[in-house]
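> Need coordinates for the below:
(one chain, ligands or ions: 1)
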Amino acid sequence: MRLIQNMCTIAEYPAPGSLAAADCCLGAAGRRLVKIAVVGASGVGKTALVVRFLTKRFIGDYERNAGNLYTRQVQIEGETLAIQVQDTPGIQVHENGLSCTEQLNRCIRWADAVVIVFSITDYKSYELTGPLHQHVQQLHPGTRLPVVVVANKADLLHIRQVDPQLGLQLASMLGCSFYEVSVSENDNDVYSAFHVLCKEVSHKQQPSGTPEKRRTSLIPRPKSPNMQDLKRRFKQALSAKVRTVTSV
Ligand SMILES: Nc1nc2c(ncn2[C@@H]2O[C@H](COP(=O)(O)OP(=O)(O)OP(=O)(O)O)[C@@H](O)[C@H]2O)c(=O)[nH]1
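Numbering: from 1, shown residues only. Predicted structure coming up:
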């Protein structure tokens, strides 16, 4: 993905209400909007990942975030898309499973796609991935939300707790792309993860041959429409439909 260099404004929306305002398919200047939520356990590097993706920089220490929304424009397959990335507070795990706040659930519902992050140095954060993926899909009933799994802190090999094969196997079981990255050392893999996700959303938003177009081609418009002609065509279409239904 080529980030547009001179569009580097990062808009922060501290108020939770701003999510609703941003909740539409078109971004500024009528560009298609892709909304991404970044979720995972606390301390796995969610903020670092988002900042790396948006600014190419790794800063090192971040305040514990309360969930900031950032925007940026990116080029994907020749089209400029507006991307909104929602950083979220770390998820806590309790004995009886995940503990997701209503704020987090709202972010997940708002999103077109989700990045689930765990750290290779924290086995518990890896264990969270499966239940979290399930939770994300439950909040989007009737559709399959694009999700990418990112294993972060790949530079900390000496304290690795999660084998790369484990992450890969889990992601493929969940039907997601998988990236093992070091946000602190490398930005290419971070871009790739977001790129794949944006592409998937973009394809989902633009199904080939919309129903509207297909309907138009089935019943061609009369050259000079008048009421009689329209009625006749309507009856024809209706009786054809009845025939199809009875034949089934
Ligand atoms: N060595 C190393 N440290 C990293 C990497 N990514 C993030 N960190 C560090 O991990 C710590 C946590 O990073 P954050 O980005 O604040 O993590 P978070 O998931 O947003 O944390 P919460 O806000 O508590 O949910 C920070 O000290 C980062 O500098 C990485 O790839 N390698």
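> In a helix, residue 80, correct?
No - assigned with DSSP: H, G, I helix; E, B strand; the rest coil, residue 80 falls outside any helix and is strand.
> Quick one: the helices in the protein, in order.
With helices called from DSSP state H, the chain shows them at 18-22, 46-55, 102-110, 123-127, 129-138, 164-174, 188-205, 211-218, 227-247.
> Is there proximity between the fifth one and the ligand?
Read it as helix 129-138. No - using C-beta under 6 Å from any ligand atom, we find that helix 129-138 stays clear of the ligand, coming within 13.0 Å at best. For the C-beta atoms, the positions are set from N, CA and C on the backbone; glycine is no exception.
> For this protein, which residues are neighbours of the ligand?
Residues of the chain found near the ligand (C-beta under 6 Å from any ligand atom) are 42-48, 60-62, 64-65, 89-90, 152-153, 155-156, 182-184.
> give me that answer again for 8 Å
With C-beta under 8 Å from any ligand atom as the criterion, the chain meets the ligand at residues 40-51, 58-65, 87-90, 117, 119, 152-156, 181-185.
> Please indicate which of the residues you listed are buried?
40-41, 44-51, 58, 87-90, 117, 119, 152-154, 181-184 (16 or more other C-beta atoms under 10 Å).
> Show me where the protein dips below the pLDDT cut-off.
1-30, 62-67, 96, 207-235, 237-248 (pLDDT under 70).
> can you rerun that using 90?
1-32, 54-79, 91-101, 202-248 (pLDDT under 90).
> wait, doesn't residue 101 sit right on residue 90?
No - counting by C-beta atoms under 8 Å, residue 101 does not reach residue 90; the two are 10.6 Å apart.
> Give the burial count for residue 236, as a bare number.
A count of neighbours around residue 236, defined by other C-beta atoms under 10 Å, yields 11.
> The ligand versus that one, what's the distance?
The gap separating residue 236 from the ligand is 61 Å, by C-beta to the nearest ligand atom, to the nearest Å.
> and what of residue 177?
18 Å.
> Now do the same contact list for that residue.
Residues near residue 177 by C-beta atoms under 8 Å, 6 or more residues apart in numbering: 148-149, 171, 193, 196-197.
> Ok, residue 59 next?
48, 51.
> Swap in 10 Å and give it another go.
Remark: with contacts taken as C-beta atoms under 10 Å, 6 or more residues apart in numbering, residue 59 is in contact with 47-48, 51-52, 184.
> burial of the closest residue to residue 120 other than its chain neighbours, as a residue count?
If the residues on either side of it in the chain are set aside, residue 120 comes closest to residue 162, at 4.7 Å by C-beta to C-beta, 6 or more residues apart in numbering. As a burial measure, residue 162 scores 22 neighbours (other C-beta under 10 Å).
> Residue 162 and the ligand, how far apart?
Going from residue 162 to the ligand by C-beta to the nearest ligand atom gives 14 Å.
> My guess is that residue contacts residue 126. True?
Yes - Residue 162 lies in contact with residue 126 (C-beta atoms under 10 Å); the separation is 4.5 Å.
> which residues are in contact with both of these two?
Common neighbours of residue 162 and residue 126, counting by C-beta under 10 Å, 6+ apart, are 118-120, 151, 170.
> most surrounded residue in the contacts of residue 177?
Going by other C-beta under 10 Å, residue 149 tops these with 27 neighbours.
> re the thing from before, the residues of the chain next to the ligand in strands, which ones?
If you go by DSSP state E, the residues of the chain next to the ligand have 40, 87, 117, 119, 152 in strands.
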